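Participant: The amino acid sequence is not available; the structure is as follows:
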């Protein structure tokens, strides 16, 4: 009856420690036809991360060369490291009809929304700043001064949430996941994204 014209770019942002990675991983596992947009970064791999799966890990010189070549849809320097999304990677996947999840910060999302008017923005909120602080401490990956910096950043990011199309509160992981999944399904059914085949 109808088919999709192209894939959809879902831009998902949240303050660090909100549970965005957990939610995105579950989406990728349980929803067909959606893949993860793999970003480039100059930061070192964390335990269990691998090149080409979690990120494309490159050195600063390579990244800066790519900036000069205008190879990024967006890029930002976060906590002293570069992160960027390859234009070619995104365009190729979308043209094949694949939906992409772009897990990026607010700075990067703003750049994407300016360049790709059809991108769908989803902002995930923590239950509160106090709860976020608890989660970051319990994660045990950062010293206290880094946690304080992340909390300050989180307050600023929450203030920018108005530029996103959907808001999801992660005070209950299951509810947040179902809300996120509903957004994906609803966006796929929008008439302007479909073409009639009969």
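Facilitator: Cool, got the structure. Just so it is clear, the model here is predicted, and its values are computed rather than measured.
Participant: what's residue 132 sitting at in phi/psi?
Facilitator: When read as degrees, to the nearest 10, the backbone of residue 132 gives phi -60, psi -40.
Participant: wait, it sits on residue 14?
Facilitator: No - in this structure residue 132 lies outside contact range of residue 14 using Cβ atoms under 8 Å: 9.8 Å. (C-beta placed from N, C-alpha, C; glycine too.)
Participant: overlap in contacts of those two?
Facilitator: Jointly contacting residue 132 and residue 14 under the rule Cβ atoms under 8 Å, 6 or more residues apart in numbering are residue 126.
Participant: distance of the residue nearest the centre of the chain from residue 83?
Facilitator: In the chain, the C-alpha nearest the mean C-alpha coordinate belongs to residue 103, at 1.4 Å (Cα atoms, centre = their mean). To residue 83, residue 103 is 10 Å away according to Cβ to Cβ, to the nearest Å.
Participant: what do those two both touch?
Facilitator: residue 39.
Participant: which residues sit against the helix or strand of the chain with the lowest mean pLDDT?
Facilitator: Here the helix or strand of the chain ranked lowest by mean pLDDT, DSSP states H and E is strand 2-4, holding a mean of 83. Here strand 2-4 makes contact (Cβ under 8 Å, 6+ apart) with 97, 188, 193, 194, 195, 196, 197.
Participant: Just give me the closest of the residues you listed to residue 55.
Facilitator: Taking Cβ to Cβ as the measure, residue 55 lies nearest residue 97 of those, at 24.4 Å.
Participant: Does the nearest residue to residue 170 once chain neighbours are set aside belong to a helix, a strand or coil?
Facilitator: Spatial nearest neighbour of residue 170, chain neighbours left out: residue 176 (4.0 Å); criterion: Cβ to Cβ, 6 or more residues apart in numbering. Judged by DSSP: H, G, I helix; E, B strand; the rest coil, the three-state class of residue 176 is helix.
Participant: I am finished for the moment; much appreciated.
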